[in-house]
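Colleague: Model the structure of this input:
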Amino acid sequence: MLWRTAEAFYLPGVNPQSFEEGDVVKMKVNKMTSQKTLMPVDYYRLPFCAPEGGPKMDNENLGEFLAGDRIESTPYRLKMKTDMYCEQVCISNLGRAEQTGLSPNKVVRAIRRNYHNNWIVDNLNAASKVEDDKTVTTRYWQGFPVGFIAPNSQKAYIHNHVNLEIQYHNVENEVDKYRIVRFTVEPFSLKHEFEPAEDDDDDDKTEDGENVESFKVAEIMNPIRSCNPANKEKKHTTYDMVYARGREPQLASGKVLFTYDVIWTENSSLHWASRWDIYLSMDNAIPAKVHWLSIANSLVIVFVLSAMIAAILVRNLRRDYARYNRLATDEEKAEDLEEFGWKLVHADVFRPPSFSPLLMSVCCGTGVQLLCMAFLTVIFAAMGFLSPANRGSLLMAQLLLYVLMGSVSGYTTARLYKTFKGKSWQKATTCAALGFPGVVFGVFFILDILALTQGSSDAVPFATMVVLLVLWFGISTPLVFFGAYFGYKQDAIEFPVNTSNIPRQIPDQPWFMGIPFTLIVGGILPFGSCFVELYFILSSVWMDQYYYVFGFLLLVFFILIVTCAEITVLFCYFQLCGENYHWWWRSFCTAGSTALYVFGYSFMYFKQLETNAFATYILYFGYMGLASLALFLMTGAVGVFSSLYFNKAIFSSIKID
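Modeller: I've put the predicted structure just below:
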């Protein structure tokens, strides 16, 4: 029960579609993906069978375009509860055979780059079924491979026959209505020796254009049992038929006949509303215990930090309060004992940052904007509103929430900049509106051009670019100025002590209070509290796996924020005790150093992708750099405001002469 609560609720997000027996069921294809190149490509970039009149693309939302999804129609003909046996699709010429010294054809290159097909039936992604002599394995992510490389000959073979296994169940409240609840593809490589049929015209068609009889494009000279029309008892294609003695796989070259079986099976125990559950849990490939151990590990770090704060801060602060607030005795006055500790910097502690108060204000404003966006996105996802059935919804939610949180960025930037007694208000607001979005859009545009040169579906169309610019300049920028207007109208943040006109000289600091040490220690604990979930998130982004345990992610998110706040407050106290009042940027960098560990971890993770293409390096580290920058700003803002609250609290509790 705890696992289901912490994982996430699932609201399907789309209306169920019911079919009657014999109704046409459309099969569609999405982009082809590869863990080696990280460059998804359009399905019809390879010479696969296309529908008559060419493939038609689905209407896609902004999130699907940004994710590189390209959903298109196919020539595969499926009918509800109508089994098909070795149905022919088309004959396609895949190109020249593999030869030493010659460039391989497109299909061979795709197979060697480990590209996978991603097919869709009734908005349900295809699971991949792999069979051998001993085992049958079904995988619910990453689709199924275009082909395989033979271990002996090292030649590429194509999967030109597929078994489409579709499960359905009866609709409870409707008679003779059925809904699809599972879609599995079992690919085979089957060498058909064939002669093109003399008459392959579509003679007998129904009103919707579908053939009544089997669609025939060739005469198979060496049919397996499922492809032999002479057999009165029809049998579906099996592993034993394909790999029987004397049978050979199909090389990825020359003219190839594509065929398929359709196998309908009733599954009364699986309901439509829960058909995505096995995808989201990845068939329990990652046990719930792993996430709970991650949470336990994170909580241990939080408890240790909290204990340190309780032992060091609380005890020392009580002693400091007692020492600073008590009246000096006559003996102490006569000896003129010099005070020490953080009280000595009371006239400088709230002095504006020595380096660019404007940049500090903009970074904190952007960080708070990203923090609100991340929190609301995880909340909505955990509540089930960002359904995987609604492709692109997660990306759209992140983008729109970031745009709408522009007013928060403007307000925070303006309020902080006014506190720093800044005069260039328009400049600060403009930097908040254009700074971080400008960097992201610039890098995104460069990576988009790179994807375009590689022929990847990740390349965003021009119309989508225009939509992004409209969101940026038409909605986000006005909201930033709107929030800044109210921020400047507010009074500056009030501090419990006054700031002197002459800055106090800072004594020499010990080595362990230097910037390198604080960055190393300040980032490792927050990173340690979230690196397990980070691994799963990176797997969902780069390895096409599903991640839907947003309940766990929400807990880890809170733990990350608390850990960043605690470690920053601890270092801020040590810094003030050393009479160093330059805590603004130090607090920002101490908490933000978590992002340095995340970016460093991305190098370790990159080794799993088994790629050596230059374009892939640029793509991967470009996007990981942007993600790390966003995390740096978000955690940095948490550090600054935690230290600000802490400093206001301790300096308001002592008497200042």
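
Colleague: how about the strands in the stretch 251-400 of the chain?
Modeller: Per DSSP state E, counting those that start in this stretch, the stretch 251-400 of the chain carries strands over the ranges 255-266.

Colleague: tell me which residues of stretch 551-571 are tucked away?
Modeller: 551-557, 559-571 (16 or more other C-beta atoms under 10 Å). C-betas here are computed from N, CA, C, even on glycine.

Colleague: what does stretch 583-601 give?
Modeller: Result for stretch 583-601 [16+ other C-beta under 10 Å]: buried residues 583-599, 601.

Colleague: Equivalent analysis for stretch 446-465, please.
Modeller: Within stretch 446-465, the residues that count as buried by 16+ other C-beta under 10 Å are Leu447, Asp448, Leu450, Ala451, Gln454, Ser456, Ser457, Asp458, Ala459, Val460, Thr464.

Colleague: Just give the nearest non-adjacent residue to the last one, would you?
Modeller: The shortest distance from Thr464 to any residue other than its chain neighbours is 4.6 Å, reached at Phe65 (C-beta to C-beta, 6 or more residues apart in numbering).

Colleague: returning to that earlier point: so of the buried residues of stretch 446-465, which ones are in strands?
Modeller: Judged by DSSP state E, strands contain none of the buried residues of stretch 446-465.

Colleague: Dump those residues to JSON lines, plus distance to Leu644 and pLDDT.
Modeller: Listed next are the buried residues of stretch 446-465 as JSON lines, based on distance: C-beta to C-beta, whole Å; pLDDT from 0 to 100:
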{"residue": "Leu447", "distance to Leu644": "36", "pLDDT": "93"}
{"residue": "Asp448", "distance to Leu644": "39", "pLDDT": "93"}
{"residue": "Leu450", "distance to Leu644": "41", "pLDDT": "92"}
{"residue": "Ala451", "distance to Leu644": "42", "pLDDT": "92"}
{"residue": "Gln454", "distance to Leu644": "46", "pLDDT": "89"}
{"residue": "Ser456", "distance to Leu644": "45", "pLDDT": "89"}
{"residue": "Ser457", "distance to Leu644": "46", "pLDDT": "87"}
{"residue": "Asp458", "distance to Leu644": "41", "pLDDT": "86"}
{"residue": "Ala459", "distance to Leu644": "44", "pLDDT": "89"}
{"residue": "Val460", "distance to Leu644": "39", "pLDDT": "88"}
{"residue": "Thr464", "distance to Leu644": "40", "pLDDT": "89"}
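
Colleague: Tell me the helices and strands packed up against the helix or strand containing Phe65.
Modeller: Using DSSP states H and E, Phe65 sits in helix 62-67. Under the contact definition 3 or more C-beta pairs under 8 Å, 6 or more residues apart in numbering; DSSP states H and E, helix 62-67 sits against helix 393-404, helix 462-469.

Colleague: that older thread, my guess is the residue nearest to Thr464 meets Pro461, correct?
Modeller: Yes: the criterion here is C-beta atoms under 8 Å, and Phe65 meets it with Pro461 at 6.5 Å.

Colleague: on that earlier part again, just flag the most distant two among the buried residues of stretch 446-465.
Modeller: Gln454 and Thr464 (17.8 Å; C-beta to C-beta).

Colleague: hang on, the earlier thing: okay, and which of the buried residues of stretch 446-465 map to helices?
Modeller: Cross-referencing the buried residues of stretch 446-465 against helices under DSSP state H gives Leu447, Asp448, Leu450, Ala451, Thr464.

Colleague: Enumerate every residue touching the last one.
Modeller: If I follow you right, that is Thr464. Leu62, Phe65, Leu66 (C-beta atoms under 8 Å, 6 or more residues apart in numbering).

Colleague: what's the distance between it and Ser476?
Modeller: 16 Å (C-beta to C-beta, to the nearest Å).

Colleague: thinking again about what came up before, which of the buried residues of stretch 446-465 sits closest to Val541?
Modeller: For the buried residues of stretch 446-465, the nearest to Val541 is Asp458 (12.3 Å; C-beta to C-beta).

Colleague: residues contacting the closest one?
Modeller: Met39, Pro40, Gly68, Asp448, Ala451, Leu619 are the contacts of Asp458 under C-beta under 8 Å, 6+ apart.

Colleague: cutoff 10 Å now
Modeller: With contact set as C-beta atoms under 10 Å, 6 or more residues apart in numbering, Asp458 has these partners: 31, 38-41, 65-70, 447-448, 450-452, 619.

Colleague: Narrow these to just the buried residues.
Modeller: The neighbour-count test (16+ other C-beta under 10 Å) marks 31, 38-41, 65-70, 447-448, 450-451, 619 as buried among those.

Colleague: Can you report how many residues neighbour the residue nearest to Cys372 when sequence neighbours are not counted?
Modeller: Excluding its sequence neighbours, the residue lying closest to Cys372 (C-beta to C-beta, 6+ apart) is Met405, at 4.7 Å. Number of residues near Met405 (other C-beta atoms under 10 Å) recorded here: 24.

Colleague: and what of the one 5 residues further on?
Modeller: In terms of burial, Gly410 registers 29 neighbours under the definition other C-beta under 10 Å.

Colleague: again with the one 10 residues further on
Modeller: The burial metric for Phe420, expressed as a neighbour count using other C-beta under 10 Å, is 20.
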